[in-house]
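[1] just coords:
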């Protein structure tokens with residue numbers, strides 16, 4: 001009887017122990033969050049107009065791009081249709097087979113001495129989600145430049161960084 005009592009007690013302890021471990025598990029909950037950003041918009045505020053220029057003269061023109069999106073977001077800026085030259089970009093203007101080039105540089109309105117270049121191409125939008133990029137362009141038309149109406153263009157592309 002003692003053996004039966006001992007075995008019964010032992011069986012009961014093992015059963016209780018197995019039952020108490022059976023329901024245990026380890027777990028962790030992972031929260032999922034996402035922020036949908038405002039669409040990023042870019043617009044040329046006006047064309048870059050040199051107006052009437054004379055051969056053999058130095059000329060300047062100014063314009064800007066406006067960007068709007070999510071406040072305080074970082075945005076990468078790239079230019080297409082240009083050739084990079086240090087702090088400036090070169091754009092050809094054409095009239096048939098005749099060409100000449102302009103040079104322009106680009107700065108944020110709140111950082112006038114800091115050029116946007118291929119190595120320095122990330123800007124930050126303001127608290128209101130806006131930024132203005134100033135374009136300053138120049139050209140030195142040669143004395144033998146053929147008369148005519150010359151045109152060209154370049155594209156500013158912006159995307160969230």
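    Thanks, I have it. Nothing here was measured: the structure is a model prediction, and the numbers come from that model. Numbers count the residues shown, from 1 in each chain.
[2] Please enumerate the helices of this structure.
    Using DSSP state H, the helices of the chain run over 2-22.
[3] got the buried residues for stretch 120-133?
    Neighbour-count burial for stretch 120-133, counted by 16 or more other C-beta atoms under 10 Å, picks out 123, 125-126, 129, 131, 133. No exception for glycine: its C-beta is placed from N, CA and C like everyone else's.
[4] Among those residues, which pair sits farthest apart?
    The span of these, defined through C-beta to C-beta, is set by 129 and 133 at 14.6 Å.
[5] Make JSON lines from the buried residues of stretch 120-133 and add pLDDT and distance to residue 67 to it.
    Below are the buried residues of stretch 120-133 laid out as JSON lines (pLDDT from 0 to 100; distance: C-beta to C-beta, whole Å):
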{"residue": "123", "pLDDT": "96", "distance to residue 67": "8"}
{"residue": "125", "pLDDT": "96", "distance to residue 67": "7"}
{"residue": "126", "pLDDT": "96", "distance to residue 67": "10"}
{"residue": "129", "pLDDT": "96", "distance to residue 67": "9"}
{"residue": "131", "pLDDT": "97", "distance to residue 67": "5"}
{"residue": "133", "pLDDT": "97", "distance to residue 67": "7"}
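[6] Let me know how buried the closest residue to residue 117 other than its chain neighbours is, in neighbour terms.
    Spatial nearest neighbour of residue 117, chain neighbours left out: residue 87 (5.8 Å); criterion: C-beta to C-beta, 6 or more residues apart in numbering. If you count neighbours by other C-beta atoms under 10 Å, residue 87 ends up with 15.
[7] tell me the contacts of residue 87?
    Residue 87 makes contact with 105, 115, 117, according to C-beta atoms under 8 Å, 6 or more residues apart in numbering.
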